[in-house]
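In: could you work out the structure for the sequence below:
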Amino acid sequence: MGHPPLSMSHLTHYNGRQVRFWYQETATGLRRDVALSALDFISLIIKHIPPKGMQLMRHAGLYARNTKTKWAQKVRSALDALLSQFPLFDLTPFAKSFDPLTWRQRFKASFGLDPLQCPNCQTIMELVEIWEPQRRYVWMKRWLETHRRRKAAGQALARLVASRPKKYRQLALDFL
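Out: Numbering: from 1, shown residues only. Alright, predicted model coming up:
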């Protein structure tokens, strides 16, 4: 429903190592030609990938303004009817959500080793960058900075949502 950050027609050259493309500057209207390494180009494009679960479309389906209010009212009335018929009925098993495992937890489950624990002194290390000798490139540094910013923003949003008073404590349905 949207458009990509860079049109395919703007890519002028790719030889496996270097990407050349052009864009039109918004402020001046001038055409700018850029040549970057393939990994630098990917790191620029990755910034435009939205985080998992981010709402991109608001005006269709359940996110449309006219249907959001209608469905929210229907869900609230159904929940009120359910709670009036079964006042002691616990809805928490239906509202459970399982958080996906982090890469570290998946690594531990697969290989039985903690990838960030030093084998000599048993302290926990912080992953800063990954050096690829074949490419002579530290590709993880920029991604980590972006990932940390996105994670901090997501945690701030989660704290904000958690601090709001909820009308129903057993099952939280939020259509905002």
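
In: regarding the residue nearest the centre of the chain, what is its secondary structure?
Out: Nearest residue to the geometric centre of the chain (CA atoms, centre = their mean): residue 51, 1.7 Å. Assigned with DSSP: H, G, I helix; E, B strand; the rest coil, residue 51 falls in the coil class.

In: residue 100 versus that one, what's the distance?
Out: In this view, residue 51 and residue 100 are 13 Å apart by CB to CB, to the nearest Å. Yep, even glycine has a C-beta here, placed from its N, CA and C like the rest.

In: what are the buried residues along stretch 42-51?
Out: 43, 44 (16 or more other CB atoms under 10 Å).

In: export it as PDB, just CAs?
Out: What follows is stretch 42-51, C-alpha atoms only, in PDB (Å, rounded to 0.1, in the frame of the first residue of the first chain):
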ATOM      1  CA  ILE A  42      21.800  -1.900   2.800                       C
ATOM      2  CA  SER A  43      22.400  -0.200   6.100                       C
ATOM      3  CA  LEU A  44      20.600   2.900   4.700                       C
ATOM      4  CA  ILE A  45      17.700   0.900   3.300                       C
ATOM      5  CA  ILE A  46      17.200  -1.200   6.500                       C
ATOM      6  CA  LYS A  47      16.300   2.000   8.400                       C
ATOM      7  CA  HIS A  48      13.000   2.100   6.400                       C
ATOM      8  CA  ILE A  49      11.900  -1.400   7.500                       C
ATOM      9  CA  PRO A  50       9.200  -0.900  10.100                       C
ATOM     10  CA  PRO A  51       9.500  -2.800  13.400                       C
END
